[in-house]
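> Any chance you can model this:
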Amino acid sequence: MGTKINVVIDGSAIQVDAGTTVASAILNSGLSRLRQSVDGQARGPVCGMGICYECRVRVNGDSYVRACMTVCEEGMEVRTDA
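Numbers count the residues shown, from 1 in each chain. This next block holds a predicted model:
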């Protein structure tokens, strides 16, 4: 087992293994969408390699962060409702 770190996703604290991407942490926390399109459709990771930008979330107040390309850090705050 790897080292565990704490992150906050939409106000809920969870533990993930160090090295986990934000997209994986969100999906492993039980959420199935990472954002909402302008017309209200749920969006999630599609390509998993940073090309499609469907996995955009807010991380520590920064908008439009690609969740599939961002590794979780201790104390990171992630918002999927941004």
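> What segments of this structure are helices?
In the chain, the helices defined using DSSP state H lie at 22-28.
> CA atoms only: put stretch 34-54 into CSV for me.
What follows is stretch 34-54 as a C-alpha-only set of coordinates in CSV (Å, rounded to 0.1, in the frame of the first residue of the first chain):
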residue,chain,number,x,y,z
LEU,A,34,-16.8,16.1,-13.2
ARG,A,35,-18.6,19.2,-14.6
GLN,A,36,-21.7,20.3,-16.3
SER,A,37,-21.9,21.6,-19.9
VAL,A,38,-23.5,25.0,-20.7
ASP,A,39,-26.7,23.2,-21.6
GLY,A,40,-26.8,21.1,-18.4
GLN,A,41,-25.4,17.8,-19.5
ALA,A,42,-23.0,15.9,-17.2
ARG,A,43,-19.4,15.7,-18.4
GLY,A,44,-16.6,13.4,-17.3
PRO,A,45,-13.2,12.3,-18.5
VAL,A,46,-13.2,11.1,-22.1
CYS,A,47,-9.6,10.9,-23.4
GLY,A,48,-7.7,10.5,-20.1
MET,A,49,-4.7,12.3,-21.6
GLY,A,50,-5.5,16.0,-21.5
ILE,A,51,-6.7,16.5,-25.1
CYS,A,52,-10.5,16.8,-24.8
TYR,A,53,-10.8,19.1,-21.8
GLU,A,54,-14.0,17.4,-20.7
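> Now that stretch: buried residues?
34-35, 43-45, 54 (16 or more other CB atoms under 10 Å). From N, CA and C alone the C-beta is placed, and that goes for glycine too.
> what's the closest of those residues to residue 23?
Distance to residue 23, by CB to CB, is smallest for residue 45 among the buried residues of stretch 34-54, at 4.7 Å.
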